[in-house]
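Asker: predicted model and sequence follow; I will ask about them next.
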Amino acid sequence: MIATLFNGAFVTENLTEKLLWHASPDRATAPTLRSPRLVFGEALNPPVFILPPSALIPPSSVSRHVIIIGGGVIGLSSALAARRKGLEVTVVDDRPPLHHGCSFGNAGMIVPSHVVPLAAPGMVALGLKWMWNPESPFYIRPRLSLDLLRWGYQFWKASTKERVSAASRLLAALHLDSRRRYEQLAADGLDFGLVQRGLLMLCQTQQTLDEEAHAAEFVRQLGIPANVLDRTETDALDPDVHMSVCGAVHFPLDAHFDPGRFMQSLHRLVQTEGVRILRSKPVTGIEREGRRIRAVRSENETIDGDEFVLAAGSWSTGLGQQLDLSLPMQPGKGYSLTLPNPRCLPQLCSILTEARVALTPMGARLRVGGTMEMSGLNEAISPKRVQGIIRSFVRYFPEFTEADFEGISPWAGLRPCAPDGLPYLGRTSRFENLTIATGHAMMGMSLGPVTGEIVGQLLTGEQPAHDLTLVSPDRFG
Ligand SMILES: Cc1cc2nc3c(=O)[nH]c(=O)nc-3n(C[C@H](O)[C@H](O)[C@H](O)COP(=O)(O)OP(=O)(O)OC[C@H]3O[C@@H](n4cnc5c(N)ncnc54)[C@H](O)[C@@H]3O)c2cc1C
């Protein structure tokens with residue numbers, strides 16, 4: 001069956017001709033890929049994808065106008081890539097311009113070091129231990145919810161060594177690809193304060209440092225450098241602050257930036273390049289005709305399109321249900337506080353490992369954030385959780401006091417968390433013109449640009465550079 005090697009991919013003989021247009025400069029008459037669900041030829045090295053016959057749609061259906069639901073980092077990154085590939089793009093978002101949703105107040109870290117998805121061995125036990133402490137980094141509000149129970153079961157089922165190993169390879173490749181795209185955006189003059197000094201996993205106990213050193217070995221095997229540091233070496237790396245730690249693991253390829261600035265700059269950039277952004281427009285309905293989406297409805301208005309992208313973060317589950325799609329997710333609420341004039345300023349971003357708190361210098365400001373609170377689809381602030389973040393931070397950085405945070409308003413955002421800790425990224429087999437890009441949980445900023453590029457590729461029928469089998473939006477039915 002396997003006949004031809006094309007651009008790193010084997011394709012079945014009857015598809016070869018149709019695929020050759022990818023090499024041609026004239027794509028106007030070319031067919032478009034319909035389904036990204038690729039069959040992975042595991043025995044071959046390098047990875048090989050075999051496209052199923054359903055992957056192609058005829059030239060007459062080549063997309064022109066793309067409607068993207070959601071204007072967070074994933075929606076706007078997709079808009080940029082789609083526009084640059086020559087498509088007409090409209091983004092529809094329910095919030096007012098630049099309202100601070102999940103893509104704005106986060107820790108702004110680009111994390112090739114974070115290759116282990118949330119669903120991993122040991123996480124269920126850790127979660128159960130943390131659940132009972134109101135200041136702990138993880139909390140599930142007990143409630144009678146079938147969706148939550150099902151999500152928990154799927155999480156438990158996904159937390160195996162084998163799955164983590166496969167997912168880690170994919171995540172490493174995606175993070176590194178995305179990091180290169182951030183570098184390019186910065187080189188092109190996009191203003192978002194990119195700092196490439198790496199990330200420190202700060203550890204207060206030798207036991208944690210040993211565990212992190214072990215985890216670092218796993219990450220190193222995926223080609224991502226990591227250095228285990230004792231206390232003196234950690235201090236030497238960031239000499240301007242006093243850290244109460246026993247050591248750290250330094251991941252030099254990680255980076256950080258100001259996500260609010262990035263979103264503003266990206267918003268301006270996509271508009272300059274011709275993307276139409278409709279704000280304060282909740283998508284309230286999706287109109288379909290057989291296996292095609294025809295339009296989205298926002299209150300009394302109907303917006304027609306040829307292609308549709310669902311990138312509505314934590315709200316994508318509900319919108320997917322309107323289309324009978326199963327995209328299970330729980331919103332994982334996190335908080336952040338930003339000190340405008342900190343007493344001192346670390347030069348590197350870090351994670352306070354035992355406390356699971358993230359720390360990011362953003363220009364002259366310092367952002368502290370954390371917690372994963374699963375309490376439903378709401379952005380209400382829990383003062384106890386915020387207090388837990390502040391307490392942890394001053395334990396690691398004793399030059400600061402809890403009083404430094406008086407008068408600082410906490411921000412909350414909802415991470416879209418799939419039960420297996422991986423995004424939903426690709427075409428769904430249920431519809432001919434729908435691409436899903438959501439579920440990035442704690443990695444949405446880091447994976448934003450590569451996700452956008454993949455969405456653009458899927459919309460124009462290019463072969464994505466990454467195997468999307470593990471992140472298929474159809475994997476939960
Ligand atoms: C405390 C914290 C720290 C974090 N730190 C990092 C980090 O350091 N690095 C990292 O990579 N990630 C981090 N994240 C995760 C990251 O912020 C998310 O993964 C990312 O923002 C998700 O982006 P999104 O575009 O999918 O969703 P969102 O940003 O939520 O965007 C979705 C948009 O769709 C809109 N929408 C919803 N429903 C509708 C509708 N019906 N009609 C129209 N529009 C709709 C929403 O209002 C929203 O504007 C952090 C998250 C938190 C909470």
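Answerer: In hand now; what should we look at? Numbering: from 1, shown residues only.

Asker: okay, buried residues for the lengthiest helix in the chain please.
Answerer: Secondary structure of the chain per DSSP state H: the longest helix is helix 161-187. By neighbour count with 16 or more other C-beta atoms under 10 Å, helix 161-187 contains the buried residues 163-164, 166-179, 181-182, 185-186. Yep, even glycine has a C-beta here, placed from its N, CA and C like the rest.

Asker: next structured bit after the strand or helix carrying Leu202?
Answerer: Element membership for Leu202 (DSSP states H and E) is strand 199-203. Using DSSP H and E, the helix or strand that follows strand 199-203 in sequence is helix 206-220.

Asker: tell me which other helices or strands the next helix or strand after that following helix touches.
Answerer: Remark: after helix 206-220, the chain's next helix or strand is strand 227-230, criterion DSSP H and E. If contacts are counted by 3 or more C-beta pairs under 8 Å, 6 or more residues apart in numbering; DSSP states H and E, strand 227-230 sits against helix 206-220, strand 247-251.

Asker: adjacent strands (with direction) for strand 227-230?
Answerer: strand 247-251 (antiparallel) (DSSP bridges).

Asker: any part of the helix or strand following the partner strand near the ligand?
Answerer: Counting by DSSP H and E, the next helix or strand C-terminal to strand 247-251 is strand 255-256. No. Strand 255-256 lies out of reach of the ligand by C-beta under 6 Å from any ligand atom, never closer than 7.4 Å.

Asker: buried stuff in the helix or strand just after strand 255-256?
Answerer: Downstream of strand 255-256, the next assigned helix or strand under DSSP H and E is helix 259-272. Within helix 259-272, the residues scored as buried using 16+ other C-beta under 10 Å are Pro259, Gly260, Arg261, Phe262, Met263, Gln264, Ser265, Leu266, His267, Leu269, Val270.

Asker: tell me the secondary structure for the closest residue to the ligand within the stretch 151-300 of the chain?
Answerer: Of all residues in the stretch 151-300 of the chain, Val283 sits closest to the ligand, at 3.6 Å by C-beta to the nearest ligand atom. Following DSSP: H, G, I helix; E, B strand; the rest coil, the label given to Val283 is coil.

Asker: if we can go back for a sec, which strands or helices does the longest helix of the chain pack on?
Answerer: Taking 3+ C-beta pairs under 8 Å, 6+ apart as contact, the helices and strands that helix 161-187 lies on are strand 109-110, helix 444-460.

Asker: the shortest one: how far from the chain's middle?
Answerer: In terms of C-alpha atoms, centre = their mean, to the nearest Å, the centre of strand 109-110 is found 10 Å from the chain centre.

Asker: just the residues contacting the strand holding Leu202, thanks.
Answerer: The contact list for strand 199-203 (C-beta atoms under 8 Å, 6 or more residues apart in numbering) reads 109, 111, 113, 209, 212, 229, 234, 237-238, 243, 245-251, 254-256, 348-354, 396.

Asker: could you confirm whether it reaches the ligand?
Answerer: No. Using C-beta under 6 Å from any ligand atom, strand 199-203 never reaches the ligand; the gap is at least 9.3 Å.

Asker: and the angle from that strand to strand 247-251?
Answerer: Following axes from the mean of the first three to the mean of the last three C-alpha atoms, to 10 degrees, one obtains 160 degrees for the angle between strand 199-203 and strand 247-251.

Asker: and strand 199-203, average pLDDT?
Answerer: For strand 199-203, mean pLDDT is 98.

Asker: list the strands paired with that strand, with their directions.
Answerer: Counting by DSSP bridges, strand 199-203 is paired with strand 247-251 (antiparallel), strand 349-352 (parallel).

Asker: do you know which of these lies nearest Val219?
Answerer: Among the strands paired with strand 199-203, the nearest to Val219 by C-beta to C-beta is strand 247-251 (7.4 Å).

Asker: the closest one: which residues count as buried?
Answerer: Neighbour-count burial for strand 247-251 flags Gly247, Ala248, Val249, His250, Phe251 (criterion: 16+ other C-beta under 10 Å).

Asker: dump those residues into a markdown table; add distance to Ala120 and pLDDT as well.
Answerer: Converted to a markdown table, those look like this (distance: C-beta to C-beta, whole Å; pLDDT from 0 to 100):
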| residue | distance to Ala120 | pLDDT |
| --- | --- | --- |
| Gly247 | 23 | 98 |
| Ala248 | 21 | 98 |
| Val249 | 17 | 98 |
| His250 | 22 | 98 |
| Phe251 | 18 | 98 |
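
Asker: next, format those as JSON lines and append distance to the ligand.
Answerer: As requested, these are arranged in JSON lines below (distance: C-beta to the nearest ligand atom, whole Å):
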{"residue": "Gly247", "distance to the ligand": "22"}
{"residue": "Ala248", "distance to the ligand": "17"}
{"residue": "Val249", "distance to the ligand": "17"}
{"residue": "His250", "distance to the ligand": "17"}
{"residue": "Phe251", "distance to the ligand": "13"}
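
Asker: just these now: which is nearest Ile224?
Answerer: Nearest member of these to Ile224, counting by C-beta to C-beta, is Phe251, at 6.9 Å.

Asker: Three-state assignment for the nearest residue to the closest one once chain neighbours are set aside, please.
Answerer: Using C-beta to C-beta, 6 or more residues apart in numbering and skipping the chain neighbours, the partner closest in space to Phe251 is Ser113 (3.7 Å). Look at Ser113: counting by three-state DSSP, its state is coil.

Asker: mean confidence (pLDDT) on the helix or strand where Ile389 lies, please.
Answerer: Assigned by DSSP H and E, Ile389 belongs to helix 383-396. On average, the pLDDT along helix 383-396 is 96.

Asker: please see if it touches the ligand.
Answerer: No. Helix 383-396 stays clear of the ligand (C-beta under 6 Å from any ligand atom), getting no nearer than 9.1 Å.

Asker: what helices and strands are in contact with the helix or strand following that helix?
Answerer: Using DSSP H and E, the helix or strand that follows helix 383-396 in sequence is strand 411-417. Helices and strands touching strand 411-417, by 3+ C-beta pairs under 8 Å, 6+ apart, are strand 330-339, strand 365-374.

Asker: switch the cut-off to 7 Å
Answerer: Packed against strand 411-417 by the contact rule (3 or more C-beta pairs under 7 Å, 6 or more residues apart in numbering; DSSP states H and E) you find strand 330-339.

Asker: name every strand pairing with the strand it packs on and say which way it goes.
Answerer: Assessed with DSSP bridges, strand 330-339 is paired to strand 365-374 (antiparallel), strand 411-417 (antiparallel).

Asker: buried residues, the first one. List them.
Answerer: So that's strand 365-374. Here strand 365-374 shows Leu366, Arg367, Val368, Gly369, Gly370, Thr371, Met372, Glu373, Met374 as buried, counting by 16+ other C-beta under 10 Å.

Asker: picking that back up, buried deepest among the helices and strands packed on strand 227-230, which one?
Answerer: Sort these by mean neighbour count, taking mean count of other C-beta atoms under 10 Å, and strand 247-251 sits at the top with a mean of 25.

Asker: what's next to it, contact-wise?
Answerer: The contact list for strand 247-251 (C-beta atoms under 7 Å, 6 or more residues apart in numbering) reads 113, 198-203, 209, 212-213, 216, 224, 226-231, 234, 237.

Asker: isn't Ala412 up against Ser336?
Answerer: No. Ala412 is not in contact with Ser336 according to C-beta atoms under 7 Å; the separation is 8.2 Å.

Asker: more neighbours, those two?
Answerer: Neighbour count, other C-beta atoms under 10 Å: between Ala412 and Ser336, Ser336 has more, with 25 against 21.
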